[in-house]
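**Q** missing the sequence, but the structure's below:
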């Protein structure tokens with residue numbers, strides 16, 4: 001089947017419309033990447049740091065089940081930098097499966113990996129996550145607190161901003177800036 005798809009795309013790559021040609025070439029890149037999924041998995045396990053980062057970028061470009069599966073695999077048994085990049089790459093894909101996996105790894109993470117997970121939770125639109133994110137408003141790491149502020153602001157209704165407002169005079173400028181950004185995220189459901 002994949003050979004047939006490639007043949008069709010090759011034909012479409014010479015279409016009279018530039019828009020069609022560009023779409024066909026982009027699709028061909030994704031199809032070729034799918035052929036290499038097993039190789040990418042091997043690189044995630046044994047590749048150099050550069051190769052692993054490349055796999056993260058390719059997985060994002062695939063933007064489908066195989067790409068997301070590669071990103072989820074990159075969350076395990078990887079250096080912190082790779083896990084953090086994989087979480088960040090999952091930001092546009094807050095599906096229930098992705099959120100479940102991130103929830104499972106949440107307790108063992110720290111630093112920028114933890115803050116990236118909180119960011120994904122905040123961008124998910126899942127208001128039921130807000131109480132869980134709020135506990136990170138008092139985290140010892142400023143980056144984690146800042147991401148929690150933004151995440152809570154995205155999931156809060158008008159009455160949920162008190163905890164964020166209480167942090168507006170924090171000693172850390174990153175926290176104060178996050179409060180300002182968070183307040184800018186607030187929307188009222190009333191006219």
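**A** Yes, it's here. Treat the numbers as computed from the prediction; the structure is a model and nothing was measured.
**Q** ok, the closest residue in space to residue 136 that isn't next to it in sequence - contacts?
**A** Leaving out its chain neighbours, the residue that sits closest to residue 136 by CB to CB, 6 or more residues apart in numbering is residue 148, at 3.8 Å. For glycine as for every other residue, the C-beta is placed from the backbone atoms N, C-alpha and C. Contacts of residue 148 were listed using CB atoms under 8 Å, 6 or more residues apart in numbering, and they are 118, 133, 134, 136, 137, 139.
**Q** over to residue 30?
**A** Taking CB under 8 Å, 6+ apart as the contact definition, residue 30 lies against 61, 62, 63, 64.
**Q** which of those are buried?
**A** Buried positions within the contacts of residue 30, assessed by neighbour count (16 or more other CB atoms under 10 Å), are residue 62.
**Q** possible to save the contacts of residue 30 as CSV with pLDDT?
**A** CSV is the format used below for the contacts of residue 30 (pLDDT from 0 to 100):
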residue, pLDDT
61, 84
62, 80
63, 71
64, 75
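**Q** go through the contacts of residue 30 and flag which are in helices.
**A** Residues of those located in helices (DSSP state H): 61, 62.
**Q** which one among the contacts of residue 30 gets closest to residue 178?
**A** Using CB to CB, the shortest approach to residue 178 within the contacts of residue 30 belongs to residue 63, at 28.9 Å.
**Q** from the contacts of residue 148, which single one is nearest residue 85?
**A** Nearest member of those to residue 85, counting by CB to CB, is residue 118, at 15.8 Å.
**Q** assign that closest one to helix, strand or coil.
**A** Secondary structure assignment for residue 118 (DSSP: H, G, I helix; E, B strand; the rest coil): helix.
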